[in-house]
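S.K.: heads up, no residue letters with this:
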C-alpha cells in the first residue's frame, strides 16, 4: 500500500506558497474553467461546496482511517439549520453558516460518541445507520421541522426577527441570502463559497501540519501502539469526527445559502457514498486529493450527463457519415444518462492501478520526470548512468 | 529491600482449567534489571500482561509506585511511567522514524490528550532535536527520514526502544527484546540495553535467550507452569538444579 500522506515534507514557506497558489487558482476558476464549459456560477459553487465537504471528510477518513458512511447526515443537518436561521432570524449568510456548523457539531458529537465505540466495518455500518435514521425521520416524524417531501423553503411571512428589527417591516418580495446587504446570487455567491473553501483548506492544512494531525495519522497506522505510548485515543477520534462533521455542516449551510431550500434527499446514503468516492478517487490522506475528486465527480455529473446524441454526432462530424453515427451511439453509453458508467470505470481504474488515488498518479509522474531529468543531466555531463 | 518500583503480590490467574499464574510474588527494585525466564507456556507473557493491566488477575494486586495498576487503561499506565516493548515490534508504519519518536515524546510532554490544531510541528525545533538525539543514541539517525516499513526487524526493535526511552519511563517492560534477531543484532541490542542500565532505568525483561539474560540481569525469576520455582542472581540461577530440570524437561514430561 502506498503511503503518500502529505505529512511534513514541507516548510512554513512552502505552505505559504501552497496557500497563495491555491487562493489564486480558486479565485480565477471562472476564467480557467471556461474552456471546458464549467465556468457558470451554479457549477462553480458546487465545486467549492463539495470540495469543502470532501476536505472535511478527509480529516476523518484520510487521517484516522475511520470510514464514515453517514456524513451526508451532517450535510442535511447543516442545510436545515441554515434555512431555519433564515426563516426565524436573519437572511445573513454568516449567521446561517455559524448556526449550521454549530448544530452539525452537536449532532456529530453525539453520533460520533456512539459510533466510535466500534472501528472498521462496524463503525461504517453504525454511521450508515444513523444517516439513514436521519433521512427517514426527516420524511416522517420530523416533518414539522423538515417539511417532509416538499422540502423546507422560505416564505414571505417568515418571522426573520433580526432582519425586521433592523430593516423595519419586510418588503413583500421573498428575500434572498445576503452578506450585510450584499445579495448572494450568481458570481457573488460563488466568490462567497470560494472564500469559505479557501478558509476550509487553510484549516485543513494547519491540521495536517500540527502534532494533532500527526497523532491522528499515527492512530491510523497503529492504534494499539498509540495507547501503549500514553495516548487516550477516543477523544482524538471524536474530535476528528466532530471537525469533519462541522465541515459537512458548513457545506450543507452553503448549499442553503446558494439555494435557500433544504430537502432530505441530501441525506440519502448515496450522498454519503459520493463523498467517499470523491476522497478515494482523489487520494485519501492527501491535501488536494479530495478536492480533485469532488471537482471531477461534480464535473462529470453536470457536464457529461448533459451531453446528448446530436452533440456527439457533431463532435465526430469529421468522420464519414456511417462511422460518425456508429461512434456517437457507442460513446452515448458513456455520457448523458450513462455518465455513471464512465465514473464507475474511472473509479475502478484508480482503485486498481492507483490505490492512493489521483494524487498518487501525480506523485509518480513527477517522480518519473525528476528521475528522467536527473539522468538526462548526468548524461549531458558525460557521466555514465546505470540503466534502470 | 528498598525502593520497590513494582510490587506484584499473590497474583493468581486462571484460564478455564489452566492455572496460568499461581501465587506470584515479585518485587522489582529501582534501577535493577529483573529478568523473568521460563520454558514455553510458563506464564511469562501472562505475567507481563497482568503487570501492564492488560489482564486482570483473579486475585492479588499489582502496585506500581503507589498506584494500583489493575483496571487501569494502557494509556493511563503509560502516563504513570511504564513503557513497553512488544514481542513483535509495534511501531507506526507509514511514518518516518523521526516522527515515530516525536509522537512518543509528545505523549510524555503533552499528556494523554492535547488538542491544538493550529500549532505547527515545524516550530518545534526542540522536539525534533530531542528525537534526533534519541535516534542517534540507538544508532538509527542516518535513517531518520525513512519510512519505517523498510526497516529490518532489529532496526524496528531499536526504534521501538527509542520510542520508549524518550519518555524516560520509570519502568521499562521488554517482551523478548531479541526474538527473531540475528546474533549480530542481538549483540547490538544487548549493548544498547547495557547502556540504558547504566543510566539507572528499572527494567523487566522476559526472555528465552539465556545469553541475553545472563548478560543483562541483576536478578532472575524462573517461572514454570505458572509458579515461581527459583529466584536469585544469575550465578545462583545458573547452578540451580530445579531450573535445569525445568529447562531440560526432566520433571513433567
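M.R.: In hand now; what should we look at? Worth saying up front: this structure is predicted, and the values here are computed from it rather than measured.

S.K.: Tell me the residues of chain A that contact chain B?
M.R.: Contact residues (C-beta under 8 Å from any C-beta of the partner chain) of chain A with chain B: A:3, A:5, A:7-8, A:11-12, A:203, A:206-207, A:209-215, A:217-218, A:220-222, A:224-233, A:235-236, A:239, A:243. No exception for glycine: its C-beta is placed from N, CA and C like everyone else's.

S.K.: Quick one: the strands in the stretch 201-350 of chain A, in order.
M.R.: Applying DSSP state E, counting those that start in this stretch to the stretch 201-350 of chain A gives strands spanning A:261-262.

S.K.: What residues does residue A:36 make contact with?
M.R.: A:299, A:303 (C-beta atoms under 8 Å, 6 or more residues apart in numbering or on different chains).

S.K.: which helix of the chain spans the most residues?
M.R.: Answering for chain A, as no chain was given. For chain A, the helix reaching the highest residue count under DSSP state H is reported as helix A:233-258.

S.K.: wait, I meant chain B there
M.R.: helix B:183-198.

S.K.: So for that helix, what gets flagged as buried?
M.R.: B:185-186, B:188-190, B:192-193, B:196-197 (16 or more other C-beta atoms under 10 Å in any protein chain shown).

S.K.: so which of these comes closest to residue B:124?
M.R.: residue B:196 (25.3 Å; C-beta to C-beta).

S.K.: Check the gap between that closest one and residue B:102 for me.
M.R.: For residue B:196, the distance to residue B:102 (C-beta to C-beta, to the nearest Å) stands at 20 Å.

S.K.: From residue B:240, how far out is the residue nearest to residue B:193 when sequence neighbours are not counted?
M.R.: Take residue B:193 and drop its neighbours on the chain: the residue closest to it by C-beta to C-beta, 6 or more residues apart in numbering or on different chains is residue B:216, 5.6 Å away. Noted for residue B:216: a distance of 18 Å to residue B:240, by C-beta to C-beta.

S.K.: So between these two, which is more surrounded?
M.R.: residue B:216 (22 against 17; other C-beta atoms under 10 Å in any protein chain shown).

S.K.: Now do the contacts for the more buried one.
M.R.: B:33, B:35, B:190, B:193-194, B:197, B:203, B:205.

S.K.: Could you count how many residues lie near residue A:162?
M.R.: Residue A:162 has 15 neighbours, counted by other C-beta under 10 Å.

S.K.: roughly how far out does stretch B:63-77 sit from the chain middle?
M.R.: Distance, stretch centre to chain centre, for stretch B:63-77: 15 Å (C-alpha atoms, centre = their mean, to the nearest Å).

S.K.: do stretch A:206-217 as well
M.R.: 20 Å.

S.K.: next one: stretch A:339-349
M.R.: 18 Å.

S.K.: Same question for stretch B:197-211.
M.R.: 8 Å.

S.K.: and what of stretch A:126-138?
M.R.: With C-alpha atoms, centre = their mean, you get 20 Å for stretch A:126-138.

S.K.: Below-threshold pLDDT in the stretch 101-250 of chain A: ranges please.
M.R.: A:169-172 (pLDDT under 70).

S.K.: could you say which helix or strand contains residue A:144?
M.R.: helix A:143-146 (DSSP states H and E).

S.K.: burial measure for residue A:97, as a count.
M.R.: 24.

S.K.: brain fart, residue A:317
M.R.: Neighbour tally, residue A:317, other C-beta under 10 Å: 10.

S.K.: three-state assignment of residue B:12?
M.R.: When classified by DSSP: H, G, I helix; E, B strand; the rest coil, residue B:12 comes out as strand.

S.K.: Look up which helix or strand the residue of the stretch 51-200 of chain A found nearest chain B falls in, please.
M.R.: Nearest residue of the stretch 51-200 of chain A to chain B (C-beta to the nearest C-beta) works out as residue A:59 at 9.6 Å. Element membership of residue A:59, judged by DSSP H and E, is helix A:41-64.

S.K.: now that helix and helix A:233-258, what's the angle there?
M.R.: Counting by axes from the mean of the first three to the mean of the last three C-alpha atoms, to 10 degrees, helix A:41-64 points 180 degrees away from the direction of helix A:233-258.

S.K.: Now do the very next helix or strand once past helix A:41-64, average pLDDT.
M.R.: Sequence order places helix A:72-88 as the next helix or strand after helix A:41-64, per DSSP H and E. Average pLDDT, helix A:72-88: 95.

S.K.: And for stretch A:273-288?
M.R.: pLDDT averaged over stretch A:273-288 gives 93.

S.K.: Equivalent analysis for stretch A:36-53, please.
M.R.: pLDDT averaged over stretch A:36-53 gives 92.

S.K.: In the stretch 101-250 of chain B, where is pLDDT below threshold?
M.R.: Ranges of the stretch 101-250 of chain B meeting pLDDT under 70: B:248-250.

S.K.: end-to-end on stretch A:145-156?
M.R.: 18 Å (C-alpha to C-alpha, to the nearest Å).

S.K.: again but with stretch B:175-186, I slipped
M.R.: Note: stretch B:175-186 ends 14 Å apart using C-alpha to C-alpha.

S.K.: list the contacts for the residue of chain B positioned farthest from its centre?
M.R.: Computed with C-alpha atoms, centre = their mean, the maximum C-alpha offset from the centroid of chain B is found at residue B:118, amounting to 34.9 Å. Going by C-beta under 8 Å, 6+ apart, residue B:118 touches A:206, A:210.

S.K.: follow-up on the earlier one: tell me how far the residue nearest to residue B:193 lies from chain A.
M.R.: Using C-beta to the nearest C-beta, to the nearest Å, residue B:216 is found at 22 Å from chain A.

S.K.: Identify each of the helices in the stretch 101-250 of chain B and give its residue range.
M.R.: B:125-137, B:153-165, B:183-198, B:210-216, B:234-238, B:241-248 (DSSP state H, counting those that start in this stretch).

S.K.: now these in a markdown table, with distance to residue B:226?
M.R.: A markdown table is the format used below for the helices of the stretch 101-250 of chain B (distance: least, C-beta to C-beta, whole Å):
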| stretch | distance to residue B:226 |
| --- | --- |
| helix B:125-137 | 37 |
| helix B:153-165 | 28 |
| helix B:183-198 | 27 |
| helix B:210-216 | 20 |
| helix B:234-238 | 19 |
| helix B:241-248 | 12 |
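
S.K.: Give me whichever of those helices is most buried.
M.R.: Burial of those is given as mean neighbour count (mean count of other C-beta atoms under 10 Å in any protein chain shown); helix B:153-165 ranks first at a mean of 23.

S.K.: what helices or strands is that helix leaning on?
M.R.: Packing partners of helix B:153-165 (3 or more C-beta pairs under 8 Å, 6 or more residues apart in numbering or on different chains; DSSP states H and E): strand B:82-85, helix B:97-110, helix B:125-137, helix B:183-198.

S.K.: In terms of residue numbering, what are the domains of the chain?
M.R.: Just going to use chain A. Structural domains assigned to chain A are A:12-287, A:303-372, following automatic domain parsing.

S.K.: The chain in question should be chain B.
M.R.: B:1-81+B:171-253, B:89-168.

S.K.: of all those domains, which lies closest to residue A:262?
M.R.: Going by C-beta to C-beta, the one of the domains of chain B nearest residue A:262 is domain B:89-168, 29.2 Å.

S.K.: gap between the two ends of the closest one?
M.R.: So domain B:89-168: terminal residues 19 Å apart, C-alpha to C-alpha.

S.K.: contacting residues around the residue of the stretch 51-200 of chain A closest to chain B?
M.R.: Counted by C-beta under 8 Å, 6+ apart, residue A:59 has contacts A:204, A:207, A:216, A:240, A:243-244, A:247.

S.K.: So which bits of the stretch 151-253 of chain B are right by chain A?
M.R.: B:163, B:167.

S.K.: Report the distance from the helix holding residue A:59 to the chain centre.
M.R.: For helix A:41-64, the distance to the chain centre is 2 Å (C-alpha atoms, centre = their mean).

S.K.: Determine the angle, from 0 to 180 degrees, between it and helix A:72-88.
M.R.: Using the same axes, to 10 degrees: helix A:41-64 against helix A:72-88 is 130 degrees.
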